[in-house]
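Participant: Give the three-dimensional model of this entry:
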Amino acid sequence: MFDSLSDRLTGAIRSLTGKTRLSEKNIDEVLGQVRTSLLEADVNFHVVRDLVKRLREKSLGTEVPAGIQPSEMFLKLVFDELVGLLGGGDPELNIRVAPPAIILMVGLQGSGKTTSTGKLARHLRDDLGRKPYLVPADVYRPAAVEQLKTLGRQLGVPVHDTPATGADPVAEAQKAVEEAQRQGYDTVLVDTAGRLQIDDELMQELDRLQEVLKPHEILFVADAMTGQEAVNVVKEFHDRLDLDGVILTKMDGDARGGAALSIKSVTGTPVKFVGVGEKLDALQPFHPNRIAQRILGMGDLQTLAEKAQRAIDQQAAQRIEKKLFTNEFNLDDFREAMVQMNRMGSFSSLVGMIPGLGGMFKQAKQLQGAEAELKKTMAIINSMTIQERNDHTIINGNRRKRIAAGSGTNVNEVNKLLKNFVQMKKMMKQFSKMGPADMMRMMRQGPGGM
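Facilitator: Reported below is the predicted structural model:
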């Protein structure tokens, strides 16, 4: 997400490094790079023009305080503008109402609306403690009703029994709300019909649903891969329905980020969630300040911590930590640690959240190489017996050949893993003997301090 834009913007800001002040000349030079970066990311032309104009006015009218570098000052100005561009405050759903809260999911066909409905139900239940009820209201697309019912079964979330064909979607949605009220479900998600393009028949049906259900939230699901076309469609729907928010899907793909950076300014509708994968837990709330931090290479430790808290078994983590510092850590523990990390998502999805690390893996091949290396390590350890994982010293030549054959690797790769594991254990043993002062001294000295 935003990888190319991040590289270009941070490069533009770095060009101010070493400058003693923000002059008209160097400001215009860096703003030219900023303008190009945003346009290449498919940000709306008018949005880019206005943003660059504001940045120029603020840069020329702001004194750089003593002790602050011009590049740092400009970075802060760009950060503030990006946060505003992305919507300002954190997203909130209007669901603090007398139950059931009703959420109408709308969008064009193929945008991922039904899958996003399931993902949002999981988020509401697992992250917000809600009791969601799913309502299939797309009675036109073949298997649309069954698709939502399948998602409901996977999640363990109840789904209204809408007939697959011949049903009136408005009447069924109305019955579903009444059923949810009787059963004590506090949030109703209505998956409406989509079309390949906007037409009067679709909009009239949505008008009827809005009039009868009086939803508390109308969320438009847009495909981020379509760029500015997504922005235009959001605007058309917003003019008719007065949308409350947008869910951008496929943000983990090749989307350049232009839609996310343009939607709020062009339509007045904030992005509230982004889809970052195919799994049902791959829906993230859209926090403008965190996104701006990631775009500018500042990381996103808060989201990383939240992912870790949800994904990692805390008892297992404490057990592994204890064994690390008592020198009892073995290959089985190492395997468990990797399993825990894998639950947080792919390596490539985590890199950008760690300040300074994203720049070390600019090329996709580097990320793919890191992912492949982790998979290879897991395959090698999985090919060991439990005795070998518990005591790596028993792994002799014959065992190494068997492990290599079983993991689809070679003996050299098995040897490399065992060597790296031994080195890691030695390092952890040194850490366990250090006091706070020793650790601080080593950190000040850098990697060569030991």
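Participant: can we go C-alpha only for contacts and neighbour counts from here?
Facilitator: OK.
Participant: Tell me where the model's unsure across the stretch 1-150 of the chain.
Facilitator: Within the stretch 1-150 of the chain, the stretches with pLDDT under 70 are 1, 61.
Participant: would you list every one of the strands in it?
Facilitator: Under the criterion DSSP state E, counting those that start in this stretch, strands of the stretch 1-150 of the chain are mapped to 101-106, 132-137.
Participant: could you say what helices and strands the first one packs with?
Facilitator: Pointing back at strand 101-106 there. The elements that strand 101-106 packs onto, with contact taken as 3 or more CA pairs under 8 Å, 6 or more residues apart in numbering; DSSP states H and E, are helix 113-128, strand 187-192, strand 217-223.
Participant: Export those as JSON lines, with columns for distance to Met427 and mean neighbour count.
Facilitator: Shown next, in JSON lines, are the helices and strands packed on strand 101-106 (distance: least, CA to CA, whole Å; neighbours: other CA atoms under 10 Å):
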{"stretch": "helix 113-128", "distance to Met427": "38", "mean neighbour count": "21"}
{"stretch": "strand 187-192", "distance to Met427": "51", "mean neighbour count": "27"}
{"stretch": "strand 217-223", "distance to Met427": "47", "mean neighbour count": "26"}
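Participant: Which residue, other than its chain neighbours, is closest to Leu75?
Facilitator: Leaving out its chain neighbours, the residue that sits closest to Leu75 by CA to CA, 6 or more residues apart in numbering is Ile13, at 6.6 Å.
Participant: same deal with Leu417?
Facilitator: Thr377 (7.1 Å).
Participant: One more: Val159?
Facilitator: The shortest distance from Val159 to any non-neighbouring residue, by CA to CA, 6+ apart, is to Leu134 (4.6 Å).
Participant: is it true that that neighbour touches Gly156?
Facilitator: No - between Leu134 and Gly156 there is no contact under CA atoms under 8 Å: 10.9 Å.
Participant: Pick out whichever of these two has more residues nearby.
Facilitator: Using other CA atoms under 10 Å as the criterion, Leu134 and Gly156 rank with Leu134 on top: 28 against 10.
Participant: residue contacts, the nearest residue to Gly110 once chain neighbours are set aside?
Facilitator: For Gly110, ignoring the flanking residues on the chain, the nearest one in space by CA to CA, 6+ apart is Leu196 at 7.6 Å. Shown in contact with Leu196 (CA atoms under 8 Å, 6 or more residues apart in numbering): 108-110.
Participant: One more pass at 10 Å, please.
Facilitator: 107-111 (CA atoms under 10 Å, 6 or more residues apart in numbering).
Participant: Go through the residues you listed and name the one nearest Glu24.
Facilitator: Ser111 (44.3 Å; CA to CA).
Participant: what number of residues lie near the closest one?
Facilitator: Using other CA under 10 Å, Ser111 has 25 other residues around it.
Participant: excluding its backbone neighbours, what's nearest it?
Facilitator: Going by CA to CA, 6+ apart, Ser111 has Asp223 as its nearest residue, at 4.9 Å.
Participant: which parts of stretch 62-80 are buried?
Facilitator: Neighbour counts over stretch 62-80 (16 or more other CA atoms under 10 Å) mark 64, 69-71, 73-75, 77-80 as buried.
Participant: Is it possible to get those out as CSV so that each row also shows distance to Glu211?
Facilitator: What follows is the buried residues of stretch 62-80, written out as CSV (distance: CA to CA, whole Å):
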residue, distance to Glu211
Val64, 54
Gln69, 56
Pro70, 54
Ser71, 52
Met73, 50
Phe74, 48
Leu75, 46
Leu77, 43
Val78, 42
Phe79, 40
Asp80, 39
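Participant: which two in these are spaced the farthest apart?
Facilitator: Gln69 and Asp80 (17.1 Å).
Participant: chain center to the biggest helix by length in the chain: distance?
Facilitator: Looking across the chain with DSSP state H, the single longest helix is helix 411-433. In terms of CA atoms, centre = their mean, to the nearest Å, the gap separating the centre of helix 411-433 from the centre of its chain is 33 Å.
Participant: Point out the other elements, helices or strands, that it touches.
Facilitator: Packed against helix 411-433 by the contact rule (3 or more CA pairs under 10 Å, 6 or more residues apart in numbering; DSSP states H and E) you find helix 314-325, helix 331-342, helix 364-382, helix 397-407, helix 436-445.
Participant: now do 8 Å
Facilitator: By 3+ CA pairs under 8 Å, 6+ apart, helix 411-433 packs against helix 314-325, helix 397-407.
Participant: quick one on the thing from earlier: the residue nearest to Ser111 contacts Leu248, doesn't it?
Facilitator: Yes - using CA under 8 Å, Asp223 makes contact with Leu248 at a distance of 5.8 Å.
Participant: Tell me who's in contact with the residue nearest to Leu22 when sequence neighbours are not counted.
Facilitator: Leaving out its chain neighbours, the residue that sits closest to Leu22 by CA to CA, 6+ apart is Pro70, at 5.9 Å. Residues near Pro70 by CA under 8 Å, 6+ apart: 16-17, 19-22, 64.
Participant: of all those, which comes closest to Gln181?
Facilitator: Nearest to Gln181 among the contacts of Pro70, counting by CA to CA, is Val64 at 58.4 Å.
Participant: The closest one reaches Thr20, doesn't it?
Facilitator: No - taking contacts as CA under 8 Å, Val64 lies outside contact range of Thr20: 9.4 Å.
Participant: The residue nearest to Ser111 bridge partners, please.
Facilitator: Residues in a beta bridge with Asp223, per DSSP bridges, are Thr249.
Participant: For it, give its distance to Ala259.
Facilitator: 9 Å (CA to CA, to the nearest Å).
Participant: Lovely, talk soon.
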